[in-house]
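1. turn this into a structure:
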Amino acid sequence: MPQRFQKVYLVNSAQSQFTRPPAGLAFMAGVCEHQDIDHKILDLNLEFLKFAHETTWRSVYSHAAYDLSCLPKDLEDKVNQYLDLIIEKITAYAPDCVALHVLTYLNQQWALRFLQRLRSCCDATIIAGGPGISVPRYLDQDQSTSFGRYLAVNDLLDFYAFGEGDIIFSRFLQGHRDDAGLNTATGPETWQPQLEDLSNLPPPSYKNIAISDYYSPNQTPVLSITGSRGCVRRCTFCDVGHYWKKYRFRSGKDLAHEILKHWQDTRALNYWFTDSLINGSLKQFHDLQTHLIELSMRWPELSNIKYSGAFIIRPKGSHPEKMFQMMRDTGCNHIHVGIESGSESVRNHMGKKFSNADIDYHFEMCEKYQIQNWMLMIVGYPTETEKDFQDSVEMLSKYQKYIINNTAFGLQLARPASILPNTPIHQMMEDLGIEHTGHVDQSQQWTVATNTDLTINERYRRWSELTRIAMELGYNLPAEVEAYLSMNKKSWQDHLTHNNGNTKKINIALGSKYDILS
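-> Numbering: from 1, shown residues only. Here you go, the predicted model:
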């Protein structure tokens, strides 16, 4: 059996926001601490922000939100200079293992650049994991090959992990090489089976992460907490159910005591739940609140805790008013709510299982108990008609009052609807008459025979119209949309030609302030 590692460098890929330390780094650090392994920690994203300052970081993001190959020369030189300095730092430590975490496909380009430089001058064993490793390489013609396999075949790493990293990474550091889910360039890809019991896992550690370097407007540093895996819903556009077949959750007591540990280690009082839904299990959610109240009686400073996470709207009978009151009393200061559409028929097809009346009740309670909402919406869902779209427009106008009184503070409205592999809607393609058009970004490039008015041009028109309306009504928009809007005319043309293949017909109707392609 190979010997266990002695010195490990833990790295998180770049191209994400810098409002909180990466949960992947904390997870790997916790495993290393549990095994008493010497390790160092590096967040490529944060270090690039320090190196290049925020203006340059945002310029790189706006030019290359998905593909670093389109960078202008000055930004290209800046990225390369930065990566060379990072590689010098890693090689000076002389690790015998480098572990890279890749959260999403947005992190793939940075991971690729980093590994290309690392491999040429470092003899350490390289392992990578994270959701961005298991999905195909973004914009690759071959969508049947995972990004992990692509990296391994090109000799940029030695191992890549699929599935439960808690098991794979821990045993890998101990010298095990034959576990399910630990993959190489040869042989079939395997997955580590889903854990049935989430208790007694090594807790993540933020002890050696400079959490004060991360910031969010008007907030102290935010740490991540994971209370569950999988989801109680099977929304048609989401692939969580493919990767996590069952919904599994930790006890509210375990979660409360993990928060206590992080507070004792770092004095952090702000927490973000990475769960698909913080109220997926109503019992767990209630137990968490009960134990937080108990802990705050023993450690009064814990009464100042604030936490947030993704939230599912439920009927009044499932979420009585006292639950919203407990949320406020235990520090739930904001939630991300997947409303998705103002049309009940669209939401019913998605499997969202709540009505417009349920949404009204939810916002009434959140206004009363001062819980802020970040709204998530999708434009151009395959069944969406013009009437459905107008329902979404009317909903934004109706809920503007909640923007004014700060009950709602933003709107997640990225690109038009995508059809991702391994999602229920992908499995419905034949029934709905959906076909990919053959362009590289197939998640965006599709037609639907049962709703022929919903062309790609129409989907972008609706997206841009709702974006414009949201801005006029005062909704905050995510950084990705802001990055798109900051592109100059040529950048937009290059982006749309590369991704859509049809620049001339796409009308980005964002009004005079953002008159990009007129």
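
2. enumerate every residue touching Trp299.
-> Shown in contact with Trp299 (Cβ atoms under 8 Å, 6 or more residues apart in numbering): Leu260, Trp263. Heads up, the C-betas are built off the backbone N, CA and C, glycines and all.

3. how close does it sit to Met375?
-> 34 Å (Cβ to Cβ, to the nearest Å).

4. with Lys401 instead?
-> Counting by Cβ to Cβ, the gap from Lys401 to Met375 is 13 Å.

5. shaky segments in the protein?
-> 1-2, 17, 63-66, 139-141, 216-219, 438-442, 478-518 (pLDDT under 70).

6. how many residues are close by Phe51?
-> Using other Cβ atoms under 10 Å, Phe51 has 16 other residues around it.

7. okay but it is in contact with Tyr82, surely?
-> Yes - using Cβ atoms under 8 Å, Phe51 is in contact with Tyr82, at 4.9 Å.

8. what's the longest strand in the chain?
-> Longest strand in the chain, counting residues (DSSP state E): strand 332-340.

9. centre of the chain to that one, how far?
-> Chain-centre distance of strand 332-340: 15 Å, with Cα atoms, centre = their mean, to the nearest Å.

10. what comes up buried for it?
-> Buried residues in strand 332-340, counted by 16 or more other Cβ atoms under 10 Å: Cys332, His334, Ile335, His336, Val337, Gly338, Ile339, Glu340.

11. against which helices or strands is the next helix or strand after that strand packed?
-> Following strand 332-340 in sequence order, the next helix or strand is helix 344-350 (DSSP states H and E). Using 3 or more Cβ pairs under 8 Å, 6 or more residues apart in numbering; DSSP states H and E, the elements in contact with helix 344-350 are strand 332-340, helix 386-398.

12. what's the angle from the shortest one to helix 386-398?
-> To tie it back to what came earlier, the one meant is strand 332-340. When axes from the mean of the first three to the mean of the last three Cα atoms, to 10 degrees is applied, the directions of strand 332-340 and helix 386-398 differ by 160 degrees.

13. what lies in contact with strand 332-340?
-> For strand 332-340, the surrounding residues in contact (Cβ under 8 Å, 6+ apart) are 235, 278, 306-313, 346-347, 350, 352, 359, 362, 366, 371-378, 381, 395, 409, 412.

14. one more: stretch 207-224?
-> Under the contact criterion Cβ under 8 Å, 6+ apart, stretch 207-224 has outside partners 18-23, 25-26, 29, 33, 39-41, 43, 46, 50, 204, 206, 262, 265-266, 268-274, 306.

15. separate out the buried members of these.
-> Among the contacts of stretch 207-224, those classed as buried by 16+ other Cβ under 10 Å are 18, 20-23, 25-26, 29, 33, 39-41, 43, 46, 204, 206, 262, 265-266, 268-273, 306.

16. so which of those sit within strands?
-> With DSSP E as the criterion, strands contain His39, Lys40, Ile41, Asp43, Asn270, Tyr271, Trp272, Phe273, Lys306 from among the buried ones among the contacts of stretch 207-224.

17. my read is that the second one contacts Tyr9, right?
-> I take that to be Lys40. Yes - applying Cβ under 8 Å, one finds Lys40 in contact with Tyr9, separated by 5.3 Å.

18. what touches both of these two?
-> Jointly contacting Lys40 and Tyr9 under the rule Cβ under 8 Å, 6+ apart are Tyr93, Pro95.

19. was I right about Gln174 contacting Arg4?
-> Yes - taking Cβ under 8 Å as the definition, Gln174 is a contact partner of Arg4 at 5.0 Å.

20. can you list residues touching both of those two?
-> Looking at what touches both Gln174 and Arg4 (by Cβ under 8 Å, 6+ apart), the common residues are Gln35.

21. now do the phi/psi pair for Tyr475.
-> phi -70, psi 140 (degrees, to the nearest 10).

22. leaving out sequence neighbours, find the closest residue to it.
-> Leaving aside its sequence neighbours, Tyr475 sits nearest to Leu411 (Cβ to Cβ, 6 or more residues apart in numbering; 4.2 Å).

23. likewise for Thr455?
-> Thr447 (7.0 Å).

24. mind giving me the packing neighbours of the helix or strand where that neighbour lies?
-> Element membership of Thr447 [criterion: DSSP H and E] is strand 446-448. Using 3+ Cβ pairs under 8 Å, 6+ apart, the elements in contact with strand 446-448 are strand 434-436.

25. what residues of the strand it packs on count as buried?
-> Quick answer for strand 434-436 (16+ other Cβ under 10 Å): Ile434.

26. note down every partner strand of it and its orientation.
-> Sheet pairing of strand 434-436 (DSSP bridges) gives strand 446-448 (antiparallel).

27. helices and strands around the helix or strand just after the strand it pairs with, which ones?
-> Next helix or strand after strand 446-448 toward the C-terminus (DSSP H and E): helix 456-473. Counting contacts by 3+ Cβ pairs under 8 Å, 6+ apart, helix 456-473 is packed against helix 386-398, strand 509-510.

28. what lies in contact with the longest one?
-> Read that as helix 386-398. Here helix 386-398 makes contact (Cβ under 8 Å, 6+ apart) with 339, 341-346, 356, 359, 377, 379, 381, 411, 453, 462, 465-466, 469-470, 473, 475.

29. give the contact list for the residue nearest to Thr145 when sequence neighbours are not counted.
-> Distances taken as Cβ to Cβ, 6+ apart put Pro136 closest to Thr145, at 6.1 Å, once the chain neighbours are dropped. For Pro136, the contact set (Cβ under 8 Å, 6+ apart) comprises Asp142, Gln143, Ser144, Thr145, Ser146, Phe147, Pro421.

30. would CSV of those with distance to Phe389, neighbour count and secondary structure be doable?
-> As requested, the contacts of Pro136 are exported to CSV (distance: Cβ to Cβ, whole Å; neighbours: other Cβ atoms under 10 Å; DSSP: H, G, I helix; E, B strand; the rest coil):
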residue, distance to Phe389, neighbour count, secondary structure
Asp142, 34, 9, coil
Gln143, 29, 17, coil
Ser144, 34, 8, coil
Thr145, 36, 14, coil
Ser146, 35, 19, strand
Phe147, 34, 25, helix
Pro421, 26, 14, coil
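
31. nearest to Thr190, out of those residues: which one, please.
-> Closest approach to Thr190 among the contacts of Pro136 (Cβ to Cβ): Ser146, at 11.7 Å.

32. ok, and the closest non-adjacent residue to that closest one?
-> In space, and not counting its chain neighbours, Ser146 is closest to Ser134: 5.6 Å by Cβ to Cβ, 6+ apart.

33. wait, the one you found touches Tyr150, no?
-> No - counting by Cβ under 8 Å, Ser134 stays clear of Tyr150, with 11.6 Å between them.

34. so which of these two has more stuff around it?
-> More crowded of Ser134 and Tyr150, by other Cβ under 10 Å: Ser134, with 22 against 19.

35. helices or strands up against the helix or strand containing Met365?
-> Per DSSP H and E: Met365 is located in helix 356-368. For helix 356-368, the contact count by 3+ Cβ pairs under 8 Å, 6+ apart identifies helix 321-329, strand 332-340, strand 372-377, helix 400-404 as packing neighbours.
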